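Chemist: Fold the following.
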Amino acid sequence: MPASATAADQATGTGTAADETPGTAATAAPHLPDDLLLRFHREMLLVRRFEERAARAYTEAKIGGYCHLNLGEEATVTGLVSALEPSDYLFTNYREHGYALARGIAPGRIMAELYGRTDGVSRGWGGSMHLFDAETRLLGGYGIVGGQLPLATGAALAVDYRGGSEAVLCVLGDGTTNIGAFHESLNLAALWRLPIVYAVVNNGLGMGTTTAMASAEPDLYKRAAAYRMPSARVDGNDPAAVYEATRAALAAARDGRPFLLEAVSGRLKGHSVVDPAKYRSRDEAEALRDADPLVSYTARLRLLGLLDDGAVEAAEADARAAVADAAAFAEASPHPDVATLFDYTYATPVPNDTRRLPGQPLFPAAELPVTATPGGSPA
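Modeler: Modelled structure (predicted):
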C-alpha cells in the first residue's frame, strides 16, 4: 500500500498498513472544524498541567504507590479519546490520568483518587493505576501489563452479543504486544469480528528496553497481519491525525472488522515518576523535548490564525486554575474508612468471601486447655 494511503483506506484492508516510516500513515487529516482543533489544544494543555501537578504531589508524599504520567503523550491521548462516542467503552493501562481527563471526568475526582481520598473515582481505594468511572464508560485503569486486553475483548463480545452499536477502544503500550494476552485477544476479536480497536501507544520503550530490542517485529501495526486484521500507524504527536485515524478504525470495528492502530509518541519522562530515565542519552532526551507535541501543536494553531498571545495566555490560565482547584478538592476530601476496605471487592456476594484485614488469622485461635498449678488452682 502506498505511503500516502489514509487511515480510511487502510481500514478496508486485511492486515495491511502503510509505509514503515513512523508518521507516514494517516497524517494527511482533512480539514477539521476550528472549534475541534482548539478543543484539542485545551485538552492537551489540561493533561500537561495536571500531570505536572501530580508529579509534584508525588514528591510531596501526597500520592502513594506507583504513578505513571502521560507527559509527552498528550496529542495521542486527546486524539484517541476525542474520536469516541459517549456510548463507547474505554479500557486503558496504568498510565491513564490523561484518558480520564479527556473522557470528561472532573479533574478533582481524578486527583482525589490519586490522593487516595473518598471523593475519588474509585472511592480512594484504586489510586493512580486504577481509575474507573462507569458513567463515562472508562472501565479501568489496570496495573497488570495487558490485564485490560481480555476484559476489553470480552466487553466487545458483550456488545456484539446484545446487538449494540457501541465500540470498544483498548489502549496499551508497546511492551504489551509481547505478552500472550495480546495475541489471544486479537485472535478472538478477528475470529468473532468484534467491535474493538486496539490502540498501541508506542513510545519506543517498554520501561527501559527499546522496542527494537524486545520485539522481533518492531513495526507493531504489522502484527495485525497474523490475524488478517486491518491496521495503521499514525503520528502520535498530531492530535488531528490521531483523531482521524481513530475515527476510521472505530468505523471499521463497528462494521465487524476489529482494528490495530499504532500511535508513535514520545515519553518526556521516565517510565514512572521515580524513574530517572538514565537509559536515554542526552541527545535522545533533547530530541524528545524538541518534538514536544504541546509546543508544536500550539505553534501550528498560531500559524493557522486560531491562537494568538492572548488566547494562549487565557488557555494557560484556565488549565492552571482547573488543576489548582483539583488539588484543593483532593486535599479537602477525607480518607476512606478502613471498614470499607472490602466493600468494592465484588459486585455481587461471593461464597466464602473473606473479610480479614491484613494480619488477622485465617481461623479463630484455638482455646488453650486449662491446667492445674501445683497448688491446686487452675493456671
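Chemist: where in the stretch 1-150 of the chain is pLDDT low?
Modeler: Along the stretch 1-150 of the chain, the model assigns pLDDT under 70 to residues 1-30.
Chemist: could you redo the last one with a cut-off of 50?
Modeler: Applying pLDDT under 50 to the stretch 1-150 of the chain picks out residues 1-29.
Chemist: where exactly do the strands run in it?
Modeler: Counting by DSSP state E, counting those that start in this stretch, one finds strands in the stretch 1-150 of the chain at the ranges 89-91.
Chemist: which residues in it form helices?
Modeler: Per DSSP state H, counting those that start in this stretch, the stretch 1-150 of the chain carries helices over the ranges 7-10, 34-59, 74-82, 97-102, 107-114, 148-162.
Chemist: got it, and the stretch 201-350 of the chain?
Modeler: Going by DSSP H, counting those that start in this stretch, the stretch 201-350 of the chain shows helices at 211-214, 239-254, 282-290, 293-303, 309-332.
Chemist: Can you say which of those is nearest to Tyr58?
Modeler: Each of the helices of the stretch 201-350 of the chain has some distance to Tyr58 by CB to CB; the shortest is helix 309-332, at 12.2 Å. Every C-beta, even on glycine, is put in place using the N, C-alpha and C of the backbone.
Chemist: what angle separates that closest one from helix 34-59?
Modeler: If you take axes from the mean of the first three to the mean of the last three CA atoms, to 10 degrees, helix 309-332 sits at 40 degrees to helix 34-59.
Chemist: Just the mean pLDDT for helix 309-332, thanks.
Modeler: In this model, helix 309-332 has a mean pLDDT of 97.
Chemist: quick one: it to chain centroid distance?
Modeler: Per CA atoms, centre = their mean, to the nearest Å, the displacement of helix 309-332 from the mean C-alpha position of its chain is 22 Å.
Chemist: Give me the helices and strands touching that helix, please.
Modeler: Packing partners of helix 309-332 (3 or more CB pairs under 8 Å, 6 or more residues apart in numbering; DSSP states H and E): helix 34-59, helix 107-114.
Chemist: Which one of these lies nearest to Arg300?
Modeler: Nearest to Arg300, of those and by CB to CB, is helix 34-59 at 8.7 Å.
Chemist: And that closest one, how far out from the chain middle?
Modeler: That offset, for helix 34-59, works out to 14 Å (CA atoms, centre = their mean).
Chemist: sorry, back to before: let me have the helices of the stretch 201-350 of the chain in JSON lines, extended by distance to Ile105 and mean neighbour count.
Modeler: Output for those, formatted as JSON lines (distance: least, CB to CB, whole Å; neighbours: other CB atoms under 10 Å):
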{"stretch": "helix 211-214", "distance to Ile105": "30", "mean neighbour count": "14"}
{"stretch": "helix 239-254", "distance to Ile105": "19", "mean neighbour count": "25"}
{"stretch": "helix 282-290", "distance to Ile105": "28", "mean neighbour count": "12"}
{"stretch": "helix 293-303", "distance to Ile105": "21", "mean neighbour count": "16"}
{"stretch": "helix 309-332", "distance to Ile105": "11", "mean neighbour count": "15"}
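Chemist: Dump these to TSV, plus distance to Ile179.
Modeler: Converted to TSV, those look like this (distance: least, CB to CB, whole Å):
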stretch	distance to Ile179
helix 211-214	11
helix 239-254	22
helix 282-290	26
helix 293-303	28
helix 309-332	33
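Chemist: of all the ones you listed, which lies closest to Ser165?
Modeler: Here helix 239-254 is closest among the helices of the stretch 201-350 of the chain (CB to CB), at 6.7 Å.
Chemist: Reformat the helices and strands packed on helix 309-332 as TSV; add distance to Ser122 and mean neighbour count.
Modeler: Formatted as TSV, the helices and strands packed on helix 309-332 follow (distance: least, CB to CB, whole Å; neighbours: other CB under 10 Å):
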stretch	distance to Ser122	mean neighbour count
helix 34-59	16	19
helix 107-114	6	26
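Chemist: Pull the contacting residues for Glu331.
Modeler: Lys62, Tyr115 (CB atoms under 8 Å, 6 or more residues apart in numbering).
Chemist: about what we covered before: can you put the helices and strands packed on helix 309-332 in a markdown table and add distance to Phe329?
Modeler: Below are these laid out as a markdown table (distance: least, CB to CB, whole Å):
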| stretch | distance to Phe329 |
| --- | --- |
| helix 34-59 | 12 |
| helix 107-114 | 3 |
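Chemist: Please identify which of the ones you listed is closest to Gly173.
Modeler: From the helices and strands packed on helix 309-332, taking CB to CB, the stretch that ends up closest is helix 34-59, at 16.3 Å.
Chemist: and that closest one, what does it pack onto?
Modeler: Judged by 3+ CB pairs under 8 Å, 6+ apart, the packing partners of helix 34-59 are helix 74-82, helix 97-102, helix 107-114, helix 239-254, helix 293-303, helix 309-332.
Chemist: Just want to check the distance between Glu85 and Arg254.
Modeler: Using CB to CB, to the nearest Å, Glu85 is found at 9 Å from Arg254.
Chemist: got any residues that touch both of these two?
Modeler: Common neighbours of Glu85 and Arg254 (criterion: CB under 8 Å, 6+ apart): Ala167.
Chemist: Against Asn237, how distant is the residue nearest to Arg53 when sequence neighbours are not counted?
Modeler: Leaving aside its sequence neighbours, Arg53 sits nearest to Val323 (CB to CB, 6 or more residues apart in numbering; 4.8 Å). According to CB to CB, Val323 and Asn237 sit 23 Å apart.
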